[in-house]
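1. Take this sequence and fold it.
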Amino acid sequence: MKGYPRFKKYSRSVEYKQQSWKLHPTKRRITFTDKKGIGELKLLGKWDIHTYPVELIKRVRIVHRADGYYVQFCVKVDNTQEVSLTTSEIGIDVGLEYFYSDSFGKHEENPRYLRKAEKDIKRVQRNIYKNKKGSSGRRKARGVYARKHLKVTRQRNEHAKRLARNLCLANAKVVLEDLNVSGLVINHKLAKSITDASWYNFRQWLEYFGEKFGREIIAVPPHFTSQECSNCGARVYKSLSTKTHSCSHCGHTEQPDVNAAKVILSRAFR
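-> So this is what the prediction gives:
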């Protein structure tokens, strides 16, 4: 290999079409023939690319991450999967105290990956400024700092993926709020917590697995879901700190997040 790929300033990946690369017969090495000097690369790690015919590989992408370079293969395959039939329907209310609460009364704990790693990340960040600009020590410290954040990102993604997959396997219909997450993070007091919860990533995985498993994913307007009574529909105004939903019209009492999840589910039928 002549040298590492050189990406543009705000780009960390480059994509190649079929005529710009050649896969070794053993599929353990790949050679790039675009005359940019990348040459032959050895494929490491756990992968199952050897199980697919070469003609099904339509694109190859080199991606730069904080912990190294990765080769991604875009393969043309049938992505559908046979799943068991179910008629279960569920409403979910995402939050900060719990990752989500559902209409069955279950709460999924919020892992708070960034909060747990924040002390270690800040310690590593201080090491960056202890070294002079342009020095190898500063470059190494920045690499360690970037890998800490990359680990948190991957933890969030795997957590959201696992929960979304389980929800789509167990339910024929999943109903959630159509939240404007980019608008919510404007609140600087909650921005870090909202980002750490990774609601948008969770919804993306829900829609992905919903299409893969043939499930229905419905996003309903979020207005007044936390104020509306799931039993009678009356609006019961309460603050975020209120721990019990108590309706003055019908006397219904319930945990606020579970009540909101039931309201969200009911809106799918309106």
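
2. rest of the way, CA atoms for contacts and neighbours
-> Fine.

3. and Arg147, which of the three is it?
-> helix (DSSP: H, G, I helix; E, B strand; the rest coil).

4. looking at it, it is touching Ala117, isn't it?
-> No - counting by C-alpha atoms under 8 Å, Ala117 is not a contact partner of Arg147; they are 11.8 Å apart.

5. so what pLDDT did Lys8 get?
-> Here, the pLDDT recorded for Lys8 equals 65.

6. Same question for Leu206.
-> So Leu206 comes in at 97 (pLDDT).

7. what's the distance between the residue positioned nearest the centre of the chain and Phe32?
-> Residue closest to the mean C-alpha point of the chain, counted by C-alpha atoms, centre = their mean, is Asn201 at 3.2 Å. Counting by C-alpha to C-alpha, to the nearest Å, the gap from Asn201 to Phe32 is 33 Å.

8. still on that earlier bit, quick check on Arg147 and Ala117: which one has the bigger neighbour count.
-> Per other C-alpha atoms under 10 Å, whichever of Arg147 and Ala117 has more neighbours is Arg147, with 17 against 14.

9. Residues in a beta bridge with Arg61, which ones?
-> Beta bridges link Arg61 to Glu15, Gln72, judged by DSSP bridges.

10. Tell me, how many residues neighbour it?
-> For Arg61, using other C-alpha under 10 Å, the count is 15.

11. thought it was touching Glu15?
-> Yes - taking contacts as C-alpha under 8 Å, Arg61 lies within contact range of Glu15: 4.2 Å.

12. could you give me the average pLDDT of stretch 136-154?
-> 95.

13. Return the distance of that stretch from the chain's centre.
-> Chain-centre distance of stretch 136-154: 20 Å, with C-alpha atoms, centre = their mean, to the nearest Å.

14. what does that stretch rub up against?
-> 66-67, 113-114, 117, 121, 124-125, 127-132 (C-alpha atoms under 8 Å, 6 or more residues apart in numbering).

15. Give me the buried subset of those.
-> Neighbour counting by 16 or more other C-alpha atoms under 10 Å classes Tyr113, Leu114, Ile121, Val124, Gln125, Asn127, Ile128 among these as buried.

16. Now do the helices in the stretch 1-150 of the chain.
-> 113-129, 136-170 (DSSP state H, counting those that start in this stretch).

17. Just say which of the ones you listed is most tucked in.
-> helix 136-170 (a mean of 17; mean count of other C-alpha atoms under 10 Å).

18. Show the contacting residues for the residue lying closest to Arg165 once chain neighbours are set aside.
-> Of all residues not flanking Arg165 in the chain, Phe209 sits nearest, at 6.0 Å (C-alpha to C-alpha, 6 or more residues apart in numbering). Neighbour list for Phe209: Ala164, Arg165, Cys168, Arg215 [criterion: C-alpha under 8 Å, 6+ apart].

19. out of everything not next to it in sequence, what's closest to Thr80?
-> In space, Thr80 is closest to Lys212, 5.1 Å off (C-alpha to C-alpha, 6+ apart).
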